[in-house]
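**Student:** here is the input, now give the coordinates:
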Amino acid sequence: MTVRYKLLSLFLVFSLQGCNIWDYLNIPERQPTVPQGNREEARELLHSFMNARLADENDDKLRAYLTDEAWNDFQSADLTLRAEANQEFVGYKILEESDLSEGRYAFTTSLQLLDRSRPYGANITEDLIVSFSNDEYRISSARPLKAVEVRGVGTDLIWVQRGKDETKEVNLFNLQDFPARITPLGGTTELEAGRAGYAAVVLNPENRRVAFGTTGTHGALAVLKWDGTTPDPEQVTLEPLDVYYGQHTILQAFSPDARYLAVEIRSTSGTDRVEVYQVDEKNRLNFNLEQAFPVGEYNVSFRQWEPDSKAFLIRVSPGVQATGDEAKMGTWRINVQTGEREKVVGG
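**Tutor:** The predicted structure follows:
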């Protein structure tokens with residue numbers, strides 16, 4: 001009876017105040033939360049941004065991916081938004097990724113840089129944060145972690161790692177230790193391998209392999225391998241891959257998964273061609289590129305690897321003979337597994 005009187009009294013109190021007791025007792029509806037995005041969509045934005053850097057898009061197009069804070073980050077001397085003259089980005093790999101708070105996603109990337117004017121290559125490791133705000137994703141922060149470089153100086157190959165507080169340098173290899181003669185892949189006759197200097201060099205994404213070409217009468221191609229983050233010259237192993245009669249490499253690029261090596265070769269006719277190798281198997285893949293784009297009629301140059309390593313892009317342009325089919329000029333996508341060619345950009 002006492003409980004009934006108390007409830008009745010409570011009802012009268014709220015009624016006299018003009019309030020409905022049930023409105024007072026009802027639990028308020030939960031307000032919908034603001035969408036915070038997801039990592040998969042953030043990764044798509046990152047891929048788009050990195051591919052724009054590989055394509056050497058201008059500053060205005062690249063800035064559209066960045067917040068003001070990230071743009072200012074890239075203006076520092078420690079970060080490289082675009083490759084400099086004679087240099088180009090030819091591939092990248094996402095090394096790590098994680099979810100942060102409040103619609104932010106962290107990605108650690110390795111960006112592969114080459115220099116066409118000298119034997120120099122570098123892997124630039126960056127921390128990039130993608131943020132979701134106002135219904136869009138943008139790069140909101142960029143921070144350099146380290147740069148690992150390799151360069152040819154005479155017959156020496158120098159490895160350098162530059163971090164925030166420390167620089168390490170190792171004399172990795174000397175061409176005096178390179179074999180004097182090598183048999184070309186698929187051939188039977190040894191050729192004198194060039195040992196005059198380095199034509200082109202590149203690191204694999206994990207910084208534990210270096211592919212290099214040599215100069216001389218017959219340029220050679222080889223790979224150096226080691227374990228650990230810092231190479232010990234006593235533990236570095238050399239694996240010659242190929243030698244080119246009267247020719248030499250002008251560019252190499254590892255696929256993001258490090259299984260394949262794309263090689264651009266300057267032919268005796270003055271035009272360039274592209275070969276792709278399975279590194280560990282010492283196997284040269286046959287995509288019939290020379291049949292599709294005969295040397296002399298067409299110049300074929302390497303453009304970039306796709307992030308999943310399943311395809312790469314080449315650029316076809318007129319050769320020294322200028323007799324090629326105009327319809328073949330442009331950018332082509334080559335499927336590594338099937339060899340299928342698809343033209344993606346016109347001449």
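**Student:** need the residue closest to the centroid of the chain.
**Tutor:** With distances taken as C-alpha atoms, centre = their mean, residue 92 lies nearest the centre of the chain, 1.2 Å away.
**Student:** mind checking pLDDT for it?
**Tutor:** Model confidence at residue 92, given as pLDDT, is 94.
**Student:** surely residue 52 is in a helix?
**Tutor:** Yes - under the criterion used here (DSSP: H, G, I helix; E, B strand; the rest coil), residue 52 sits inside a helix.
**Student:** that one and residue 60 touch, don't they?
**Tutor:** No - using C-beta atoms under 8 Å, residue 52 and residue 60 do not qualify as a contacting pair, with a distance of 11.0 Å. Just so you know, the C-beta spots here come from the backbone N, C-alpha and C atoms, and that holds for glycine as well.
**Student:** hmm, who's touching the helix or strand harbouring residue 343?
**Tutor:** Counting by DSSP states H and E, the secondary-structure element that holds residue 343 is strand 341-346. Under the criterion C-beta atoms under 8 Å, 6 or more residues apart in numbering, residues 287, 292, 313, 329-335 lie in contact with strand 341-346.
**Student:** any chance you could map the strands in the stretch 151-300 of the chain?
**Tutor:** Counting by DSSP state E, counting those that start in this stretch, the segments of the stretch 151-300 of the chain that form strands are 156-162, 167-174, 181-182, 191-192, 197-203, 209-215, 220-225, 237-243, 248-254, 260-266, 272-278, 283-285, 298-305.
**Student:** out of those strands, flag the one nearest residue 81.
**Tutor:** When these are compared for distance to residue 81 using C-beta to C-beta, the nearest one is strand 298-305, at 16.6 Å.
**Student:** okay, now the sheet partners of the helix or strand following the closest one, with direction.
**Tutor:** Where DSSP H and E defines the elements, the next helix or strand beyond strand 298-305 is strand 311-318. Strands adjacent to strand 311-318 in the sheet, as given by DSSP bridges, are strand 298-305 (antiparallel), strand 330-335 (antiparallel).
**Student:** just these: most buried one?
**Tutor:** Among the strands paired with strand 311-318, strand 298-305 has the highest mean neighbour count (mean count of other C-beta atoms under 10 Å), at a mean of 22.
**Student:** next, the angle from it to strand 272-278.
**Tutor:** Here strand 298-305 runs at 40 degrees with respect to strand 272-278, directions being taken by axes from the mean of the first three to the mean of the last three C-alpha atoms, to 10 degrees.
**Student:** ok, and what's touching strand 298-305?
**Tutor:** 51, 54-55, 89-91, 251, 253-256, 262-264, 271-274, 289, 293, 311-320, 324, 328, 331.
**Student:** of those, just the buried ones, ChimeraX syntax please.
**Tutor:** Of those, the buried ones can be selected in ChimeraX as follows, counting by 16 or more other C-beta atoms under 10 Å:
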select :54,55,89,90,91,251,253,254,255,256,262,263,264,271,272,273,274,289,293,311,312,313,314,315,316,317,318,319,324,328,331
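**Student:** count of neighbours near residue 66?
**Tutor:** If you count neighbours by other C-beta atoms under 10 Å, residue 66 ends up with 20.
**Student:** my read: it touches residue 138, true?
**Tutor:** Yes - the criterion here is C-beta under 8 Å, and residue 66 meets it with residue 138 at 6.3 Å.
**Student:** neighbours around the closest residue to residue 117 other than its chain neighbours, how many?
**Tutor:** Closest residue to residue 117 in three dimensions, ignoring its sequence neighbours and counting by C-beta to C-beta, 6 or more residues apart in numbering: residue 86, at 3.9 Å. Counted by other C-beta under 10 Å, the residues lying close to residue 86 total 11.
**Student:** check residue 133 too.
**Tutor:** By other C-beta under 10 Å, the residues close to residue 133 number 15.
**Student:** check contacts around the closest residue in space to it that isn't next to it in sequence.
**Tutor:** Nearest non-adjacent residue to residue 133, counting by C-beta to C-beta, 6+ apart: residue 103, 6.6 Å away. Contacts for residue 103 were tallied using C-beta under 8 Å, 6+ apart; they are 36-37, 131-133.
**Student:** quick one: pLDDT of residue 103?
**Tutor:** Reading off the per-residue confidence, residue 103 sits at a pLDDT of 93.
**Student:** just residue 347 next, same as before
**Tutor:** Reading off the per-residue confidence, residue 347 sits at a pLDDT of 68.
**Student:** ditto for residue 11
**Tutor:** 43.
**Student:** now the one 10 residues further on
**Tutor:** We note a pLDDT of 47 for residue 21 in this prediction.
**Student:** ok so, going back, how about the strands of the stretch 151-300 of the chain, which one is nearest residue 46?
**Tutor:** strand 298-305 (15.7 Å).
**Student:** and the closest one, how far out from the chain's middle?
**Tutor:** Relative to its chain's centre, strand 298-305 lies at 16 Å (C-alpha atoms, centre = their mean, to the nearest Å).
**Student:** now do it and strand 341-346, the angle between them.
**Tutor:** On the basis of the same axes, to 10 degrees, strand 298-305 is oriented at 90 degrees to strand 341-346.
**Student:** adding mean pLDDT and distance to residue 220, write the strands paired with strand 311-318 out as CSV.
**Tutor:** Rendered in CSV, the data for the strands paired with strand 311-318 read as follows (pLDDT from 0 to 100; distance: least, C-beta to C-beta, whole Å):
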stretch, mean pLDDT, distance to residue 220
strand 298-305, 94, 19
strand 330-335, 97, 24
